[in-house]
Structure formats: C-alpha cells, structure tokens
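*Asks:* Quick one, structure for this:
(chains A and B)
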Protein chains: 2
Amino acid sequence: MANKYLFTPGPTPVPEQVVQRMSEPIIYHRSKEFREIFARVNGYLQTLFQTKQPVMTLTSSGTGGMEAIIVNLFSAGDKVISVNAGKFGERWSAIGKSYGLNVVEIKIPWGETVAVPQIIEALSIHPDTQGVLLTHCETSTGTTTDVKSVAEVVQKYSNALVIVDGISAIGALEFRFDEWGIDACVTASQKGLMIPPGLTFIALSNRAEQSALVSTLPKYYFDLNKSLIAYENNDTPWTPAITLVRGLEKSLQMLTAEGMGNVWMRHERISKILHEGLTGLGLKIFSKNPSFCVTAVFLPDGIEWGNFNSQLLSEHNIIIAPGQAEYFGKIFRIAHIGNIDDSNIKIILSAIEIILGRMHDERTKREIQ
Amino acid sequence: MANKYLFTPGPTPVPEQVVQRMSEPIIYHRSKEFREIFARVNGYLQTLFQTKQPVMTLTSSGTGGMEAIIVNLFSAGDKVISVNAGKFGERWSAIGKSYGLNVVEIKIPWGETVAVPQIIEALSIHPDTQGVLLTHCETSTGTTTDVKSVAEVVQKYSNALVIVDGISAIGALEFRFDEWGIDACVTASQKGLMIPPGLTFIALSNRAEQSALVSTLPKYYFDLNKSLIAYENNDTPWTPAITLVRGLEKSLQMLTAEGMGNVWMRHERISKILHEGLTGLGLKIFSKNPSFCVTAVFLPDGIEWGNFNSQLLSEHNIIIAPGQAEYFGKIFRIAHIGNIDDSNIKIILSAIEIILGRMHDERTKREIQ
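*Replies:* Okay, here's the model as predicted:
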C-alpha cells in the first residue's frame, strides 16, 4: 500500500492533525462545547476572508453556497453581469438563470481572463446592473481573475454588488474582503481549507445584508437571514456537519498560525516552481494568467490523456484532474492548494518527466521501425 | 476523560469501525474507486428504504432534503396537506409556504398523532390535494405516525403523493417504501445511519419522478433530475461529502448484515425496556403513541430542567435533549437510535434513578425544615 498523492482541485490532501480531530467522539451541536468550538472557527474564518463581517458556515458543497448568494441577494428579473471564462463562471450564469435573473454574460475564451475595460463597457451598457459575478480562480482553466481591480471599477462606475466565487482560491490566493470592497464571497471546505468536502462558507458586506432583507426569491435551507441570526449565538439554523467543523478548527488554526500572508506566498512560490519545471520539460501552460491554485497544461502532441493519467496513477500513485468540457483530452490539471509543499511538486515533476520520456522513446522507436 | 453517552436525536453515537473508515486518506470523487464505493452504498440504501427505486445522496442536512422534495415535486399554488404534530411537521408547512404552495394544515396537539379519519376528511374537503406531508417519527414529541395506514387511505381516496419525513425513523422503525406505496421519503445521516451529519437521502417513486419532470419551482443545487442522471453512473452532480459516504458504506454494511427486520426489532425492544424503566421510576411518557426512536418524558413536579440536565452531564457524562418550543423545561427527550443497545439503557436509567432519588431526598429535607 503506497501513499497516494492527490493533486485534484478538491478534495485536497487532509493533514493528519485534522483527521485526528475529526476522529474524536462526536459531540452534540446544541451544546456549550460545540458553540465554543464554533466561536473559535468563526474568528478564524474572519481572518481567512480578511473581514470583520460574519462568515457563515453552511452544510453543502460550494455550489450550494453559490446558490445561497443568488437567492438571498436578488429577486426575479434583477440584472446581473456574469463573467463566464470557464465551467465555474458558467455555473454562476446557470444558477442566476434558474432563479429568473436577467443574466448578462461576458463570455471570455477559456484560459483567458476578463479585462477591466470589458467590465466598464458592460456596466455602461447596463447601468441597471445589480450584481457582478466573478470567479477568483477559474478551476477549469487554472486562471486567476484580478478581483481587486474589477471590484474597484464596479464600485467606481455602479452600485452593483461585487460577488466572488472564491471556492478554489480562498486560503491560497491573496484575498481581502473588506479592503477590496467585496459584497459577497463563497468558499468551500475541500480546497484551501484542507478538510473534506461538505461545508461552504459565505461572507456578506453590510450592503449585501441589506439586499438579503428585501430579496423575494423563495428559499428555506439557504436562507442567510436565518444563518445570520443563528451566527450571533455561534449556532446554525440546521444541524451542521459537526465532524467537519471540528476538523476545520484545526486546519484554520494551522493556517492562521502560518499567517495568511505566508500561506499566500507559499502557494505563489510552489506554483512558480511547478510552472518552471513543466516549462523545462517542454510542456505548455494553458492559461494566459495562470493561477497559483491550479495549473492547466496542454497535453503534448501524441500523448493520450487516458494513457498518461493511468501511468501517473498506477506507477506513481498520483491523481490529477482531466480537462473539462471541450478541453477533455486536450489539457490536464494539477492542483496545488492547501496542504502542499515543495516535495509534492518534486514528486509530480519527476513522475511526469519519467512518463513523457518513456512515451517519447517509444514513439521514436515506432517511427524508426 | 470519561466516555460520554450521547442520547440526542441526532447526532447519534458513531461506531468505531465507521470512524476508522472515515479516517482513511481522502479519495477523489471523480474516480473509479469512489464510484465503486458509491455503487455499494446505493445498493445498501435500497435495502434500508426497502425499495427498488434509486435512493439519492445529497450533501446537506435533512432539512435540505425536505426542501429538495418540495421544490422538485410541486409548483407554486399546488395544494398539499401537511400533518403538523410538532416541530418537524411544522417544518414541512414552513418549507411549503416558503415556496408558495397552498398548505392545508392538519394541526395535531403535541404528543398525539393523526388519525386515519382525519386524513380521509381532509382529502374529501380538498379533493385537489397533490401531496400529503407526513413525519414518520415526530422527534419533538417522540411520537410515531402510522405511515402505512395513512398511505393506504391517501391512495384509496386521492391521487396525492405520499411524502414522508423519515429523518429520525429510517433505520429504526419498520419502513417499506415500495410495499406501502410511498412516493417520496427523506432521511439524514446522523440518526439511524450512525454517521455524522452532512448527508441527506431521498427516494422517489415513479410517480414522483414524473412530478419532478413537470415541477416549475426554481431550483439548482437540489435539482433531483440532475441527481437522478448522475445516479445512473454512481455519481453526484456536485462534490459529495466524501468522508461521510465512506463511513456510510461501513455503517450500512453493519445494518444490512444485522438485517433490517432485526434492526427494527432491536429498536422496539430497547425502547420498551426504557419505557418500562422510566415508568417504574414514576415518570410519565409524554407521547400517546410513543416512538421506538425517541422517548419524550414529562419532567416530574419540582424538577428543574437545567439542574437535571447538568447533573446528567457532569456526574454521568450523559447528554440528552430538552423539550422544544413551548415544551422546553416541561419534557426531556432521550433518543435511542442507531448504535444503541441494552447497556446504554441501563446506564441512563440508573443515572436518572440516582439523580431523581437525590433530588427527592433534598426536597423532603427542605420541606421538613
């Protein structure tokens, strides 16, 4: 039984200390003991988001958290600008349309990112925009959106709420909810937070809280007004995923002890080592603005995804992610989020070098014969 | 550090074997390994529900599962009969109203259960009823609904869908989805399934699946049509709570090895021992139709809840649940669901005997002085 190395953009590897915490006897969530844990978690989450606002914890995947933002901040017919530069931007649009929002889409080719003038133009054509939906790290393409600059122009040219999918970015990329003037941000447990999937986290600005009071879209489980009330007592409206909250206390303690600035720098450094290594092996990075969370790489000519992937798994115990939608079989994706350090990067670079080298040799042999 | 004894109606104690399974290294959910686990889990879930229909697994608390049923089977304005005999019946009504359903409520006093003629009468007054919402075990009062008999008359007198909240009942009370003609049933992970909270499970009949195709209520995360499609490939539309699914494989293996008939009988037997013991201590059971899952008990005159509860916790490491809403301070609730056997019942009965005896002695002393 060899160790397996998980380089998937969720779940990410769970530290042993977190596993231990989650293995302790389960506790009742309507108890002093749980509320004390949750109070500490809530404090850490504010550091993670760099905010003084409440960060609410909901039991669902990140997609549920995205939906919670839509159904709480808007009403049917409201106009939102959705930046769609990949599978997760597309999801913002799909959720908005499911709830009858008037979704104006800025469609960006996969691997590219929205430019600030495109936002300014869209806002000038649609001055009645009530929200701008962004994806901090577009996991499907390994691309970072310049959330800070976009937020700045949205604030300058409109009253629209700035809404960020930070699902694969929070805990990896620099993010400052209050300072950048973000109105709503969602993340999930199985990425930078280094715990298993099952929890999603949402911060709302004061303006967004006001919107939540007047939104008329139907909701119950994802009603953030209920969550905000419960939050005041370090509680949740519904039974939370207790073991994940316990693991979270440990993982957030680890992240805040390292310091958010150091955590962000570690992700940047590791990602740059990986990029250099891949380029050195003759591989081409897919994104024009590569993220420090996920690296999407073109499969070289003549290398078939299934074959490449199964060699990584069977010989090196390495699990990576395929390209999605039209990029399946054309790119592969390596996540480097959370509990990852330089040694992981060495392991995957060396494995790719071995496999590509052998595949190249075999091809050369076939060509000679 | 003494062991703690959890007698709360969720979470229930998690078996050591399940904890071990959940502590194994996390795996990627879009993998052959996970799909094989999920296929086995799906088979076990059918045995648990006694159905040949798919049982879908969603990442949320049970309340999210209830909402999923409402938003998938109905459209705004649809009429449903909601049996409200406690906090969880009330929740069915609240979710229905949140989504604009025409909710006709049969209000039953707490501790009592709906009688079949009440259902017949409501259906005759409202022949356009499209669904009847039931709570198999009303956890707030420790009362069982005769789901089988109610389902029978609903089918005889109407075309309404029979919908069951089986959240604290499934895996404890006899339940036969197919044989009883149930159209939708929801349960959650932290009760009879003996794993931590975070997952909810839904079975739909063929008729209910047809309703899901024409429902016009807005939905995205809880769209069961998406879940049904993913289910065919032993997959989920969104990232599932992977560690909980792994624990679930183990707990369902344990339950199906014991045999559902034996599991139901064990809950009945244990519950009867507890009822006899409590009655023997001079205590009065709250419910007129006590469930085999949760026992609600009147606090005796002169015994204050906070005092009683804190003695159970500090001296005996026992955690029970208070009365809810207007019954807070008037009743207490002991759950006996899941990983519970005769020895647990002895432990709690002996603790209650000691505490009540001492409280009684102290009161007598005060009265003499």
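*Asks:* isn't A:Y327 right up against A:G86?
*Replies:* No: with contact defined as CB atoms under 8 Å, A:Y327 does not count as touching A:G86 (9.1 Å). Every C-beta, even on glycine, is put in place using the N, C-alpha and C of the backbone.
*Asks:* ok, the two, which is more surrounded?
*Replies:* Neighbour count, other CB atoms under 10 Å in any protein chain shown: between A:Y327 and A:G86, A:G86 has more, with 27 against 21.
*Asks:* State the phi and psi torsions of that one.
*Replies:* Here is the backbone geometry of A:G86 (degrees, to the nearest 10): phi 160, psi -170.
*Asks:* where do the contact lists of A:Y327 and A:G86 overlap?
*Replies:* Shared contacts of A:Y327 and A:G86, defined by CB atoms under 8 Å, 6 or more residues apart in numbering or on different chains, comprise A:110, A:140-141.
*Asks:* From these, pick the one nearest chain B.
*Replies:* Distances from those to chain B were compared by CB to the nearest CB; the smallest belongs to A:S140, at 13.1 Å.
*Asks:* wait, that closest one sits on A:G86?
*Replies:* Yes: with contact defined as CB under 8 Å, A:S140 and A:G86 form a contacting pair (3.9 Å).
*Asks:* for the stretch 1-150 of chain A, which spans come out with low pLDDT?
*Replies:* Within the stretch 1-150 of chain A, the segments meeting pLDDT under 70 span A:1-2.
*Asks:* Could you pull out the strands in the stretch 251-369 of chain A for me?
*Replies:* Using DSSP state E, counting those that start in this stretch, the strands of the stretch 251-369 of chain A run over A:294-298, A:318-319, A:321-322, A:331-335.
*Asks:* What mean pLDDT does the second one get?
*Replies:* Within the predicted structure, the mean pLDDT of strand A:318-319 is 96.
*Asks:* Check the first one too.
*Replies:* Rounded to a whole number, the mean pLDDT of strand A:294-298 is 98.
*Asks:* From the rest of the structure, what touches it?
*Replies:* Strand A:294-298 has contacts (CB under 8 Å, 6+ apart) with A:9, A:111, A:137, A:139-143, A:168, A:271, A:274-275, A:278, A:283-287, A:290, A:323, A:327, A:330-337.
*Asks:* Apply 6 Å and report the result again.
*Replies:* With contact meaning CB atoms under 6 Å, 6 or more residues apart in numbering or on different chains, strand A:294-298 is reached by A:9, A:139, A:141-142, A:274, A:278, A:283-284, A:286-287, A:331-335.
*Asks:* Quick check: the residue in the stretch 251-369 of chain A that chain B sits nearest to vs A:T63, distance?
*Replies:* The stretch 251-369 of chain A approaches chain B most closely through A:I319 (5.2 Å), counting by CB to the nearest CB. For A:I319, the distance to A:T63 equals 22 Å [CB to CB, to the nearest Å].
*Asks:* Pick out the residue of the stretch 51-200 of chain A closest to chain B.
*Replies:* The nearest approach of the stretch 51-200 of chain A to chain B comes at A:G198, 3.4 Å away (CB to the nearest CB).
*Asks:* need the residues of the stretch 151-300 of chain A near chain B, please.
*Replies:* Counting by CB under 6 Å from any CB of the partner chain, the stretch 151-300 of chain A comes close to chain B at A:196-198, A:218, A:220-221, A:238-239, A:241-243.
*Asks:* can you rerun that using 10 Å?
*Replies:* Residues of the stretch 151-300 of chain A lying close to chain B (CB under 10 Å from any CB of the partner chain) are A:167, A:188-191, A:194-200, A:217-223, A:236-247.
*Asks:* just the buried members of the contacts of strand A:294-298?
*Replies:* Among the contacts of strand A:294-298, those buried by neighbour count (16 or more other CB atoms under 10 Å in any protein chain shown) are A:9, A:139, A:141-142, A:274, A:278, A:283, A:286-287, A:331-335.
*Asks:* Can you say which two of the residues you listed are spatially most distant?
*Replies:* Maximum pairwise distance among those (CB to CB): 19.2 Å, between A:T139 and A:L283.
*Asks:* Around A:E276, how many other residues sit close by?
*Replies:* Around A:E276 there are 12 other residues, counting by other CB under 10 Å.
*Asks:* go on, A:V83?
*Replies:* A:V83 is flanked by 25 other residues according to other CB under 10 Å.
*Asks:* The helix or strand hosting it: which residues count as buried?
*Replies:* Taking DSSP states H and E as the criterion, A:V83 maps to strand A:79-84. Neighbour-count burial for strand A:79-84, counted by 16+ other CB under 10 Å, picks out A:79-84.
*Asks:* CSV please, covering those and showing distance to chain B.
*Replies:* Below are the buried residues of strand A:79-84 laid out as CSV (distance: CB to the nearest CB, whole Å):
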residue, distance to chain B
A:K79, 17
A:V80, 15
A:I81, 19
A:S82, 14
A:V83, 19
A:N84, 16
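*Asks:* Out of those residues, which comes closest to B:E367?
*Replies:* The closest of these to B:E367 turns out to be A:V80 (CB to CB; 69.3 Å).
*Asks:* Now for the closest residue to the closest one other than its chain neighbours: which residues touch it?
*Replies:* Using CB to CB, 6 or more residues apart in numbering or on different chains and skipping the chain neighbours, the partner closest in space to A:V80 is A:G131 (4.2 Å). If you count contacts by CB atoms under 10 Å, 6 or more residues apart in numbering or on different chains, A:G131 has them with A:69-70, A:73-74, A:78-82, A:92, A:96, A:101, A:103, A:154, A:158, A:160-163, A:183-184, A:208, A:211.
*Asks:* One more: A:G64?
*Replies:* Per CB under 10 Å, 6+ apart, neighbours of A:G64: A:58, A:95, A:186, A:188, A:199-200, A:202, A:221-222, B:58-60, B:64, B:220-222, B:238.
*Asks:* Out of these, which end up buried?
*Replies:* In the contacts of A:G64, burial by neighbour count holds for A:58, A:95, A:186, A:188, A:199-200, A:202, A:221-222, B:58-60, B:64, B:220-222, B:238, counting by 16+ other CB under 10 Å.
*Asks:* Take those and keep only those in strands.
*Replies:* Among the buried ones among the contacts of A:G64, the residues falling in strands (DSSP state E) are A:58, A:186, A:188, A:199-200, A:202, B:58-59.
*Asks:* Need those in a markdown table (columns: distance to B:K32).
*Replies:* Converted to a markdown table, those look like this (distance: CB to CB, whole Å):
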| residue | distance to B:K32 |
| --- | --- |
| A:L58 | 30 |
| A:V186 | 30 |
| A:A188 | 24 |
| A:L199 | 26 |
| A:T200 | 27 |
| A:I202 | 34 |
| B:L58 | 22 |
| B:T59 | 21 |
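*Asks:* so which of those residues comes closest to B:V150?
*Replies:* Checking these against B:V150 with CB to CB, the nearest one is B:L58 at 25.4 Å.
*Asks:* Nearest residue to that closest one in space, ignoring adjacent ones along the chain?
*Replies:* Residue nearest to B:L58 in three dimensions, not counting chain neighbours: B:T200, with 5.0 Å by CB to CB, 6+ apart.
*Asks:* who's that neighbour bridged to?
*Replies:* Per DSSP bridges, the residues bridged to B:T200 are B:L58, B:A188.
*Asks:* Correct me if wrong: it contacts B:C185.
*Replies:* No: in this structure, B:T200 is not within contact of B:C185 by CB atoms under 10 Å, at 11.0 Å.
*Asks:* Chain A: helices as residue ranges?
*Replies:* Applying DSSP state H to chain A gives helices spanning A:16-22, A:32-49, A:62-73, A:87-98, A:116-125, A:147-157, A:206-214, A:224-231, A:242-258, A:260-280, A:305-316, A:342-368.
*Asks:* mind giving me the domain ranges of chain A?
*Replies:* A:5-10+A:259-368, A:16-258 (automatic domain parsing).
*Asks:* Run the chain-centre distance for the shortest one.
*Replies:* In this case it means domain A:5-10+A:259-368. Relative to its chain's centre, domain A:5-10+A:259-368 lies at 19 Å (CA atoms, centre = their mean, to the nearest Å).
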